[in-house]
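Got a predicted structure here, sequence first:
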Amino acid sequence: MFQIARAVADQADTNPDFREMLLRAIHQPEQTACQMRIPSDVPAVGRGKNRRAPAVLNPIEVVREGEAVLRSRLAVLTLDQLRDIVAEHGLDPGRLVMKWKTPERVIDWIIEKATVRSRHGDAFR
């Protein structure tokens, strides 16, 4: 614990901006991190470059309406959107589907996995 305090003190000695920020934080103890405002000169942080976009639909919910309904809804999506669905719903633990180039193959995989997951627990219903 002492090492942390020493590191903060050393940084405050050498960096005037850090010292000013530290003094402001000390004089405003009632503010929580959620209430503090981010300065306007700080750039907004987006999703990382290796993060996929959110999925357009939940195939497990749609397959309950029928396999044909899911197939028709998936058919209009791009390969990238299909991969987003696979990634968000964890349908590819081995990361093989992300390498596939044909949408039909990815659609078949999504339907197969969504059907299995939608029936999970049927024995207890």
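Alright, I've got the coordinates. Residues are numbered from 1 along each chain as shown.

quick one, domains of this structure?
Taking automatic domain parsing as the reference, the chain has its domains at 1-39, 59-120.

With respect to burial, which of these scores highest?
Between the domains of the chain, the one whose residues have the most neighbours on average, counting mean count of other C-beta atoms under 10 Å, is domain 59-120 (a mean of 15). In this view, the C-beta of every residue, glycine as well, is placed from N, C-alpha and C.

same for the longest helix seen in the chain, what does it pack against?
Longest helix in the chain by number of residues (criterion: DSSP state H): helix 103-118. Applying 3 or more C-beta pairs under 8 Å, 6 or more residues apart in numbering; DSSP states H and E, one finds that helix 103-118 contacts helix 59-62, helix 67-75, helix 79-88.

and the domains of the chain, which one is worst for confidence?
Taking the mean pLDDT of each of those, the lowest value is held by domain 1-39, a mean of 73.

Grab the CA positions of the longest helix of the chain and hand them over as CSV.
Provided in CSV are the C-alpha atoms of helix 103-118 (Å, rounded to 0.1, in the frame of the first residue of the first chain):
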residue,chain,number,x,y,z
PRO,A,103,-23.6,-16.9,-46.2
GLU,A,104,-25.6,-20.1,-46.8
ARG,A,105,-23.1,-22.1,-44.8
VAL,A,106,-23.2,-19.6,-41.9
ILE,A,107,-27.1,-19.5,-42.1
ASP,A,108,-27.2,-23.3,-41.8
TRP,A,109,-24.9,-23.2,-38.8
ILE,A,110,-27.0,-20.5,-37.0
ILE,A,111,-30.2,-22.4,-37.6
GLU,A,112,-28.7,-25.7,-36.4
LYS,A,113,-27.3,-24.1,-33.2
ALA,A,114,-30.3,-21.9,-32.5
THR,A,115,-32.7,-24.9,-32.8
VAL,A,116,-30.6,-26.9,-30.4
ARG,A,117,-30.5,-24.1,-27.9
SER,A,118,-34.2,-23.3,-28.2
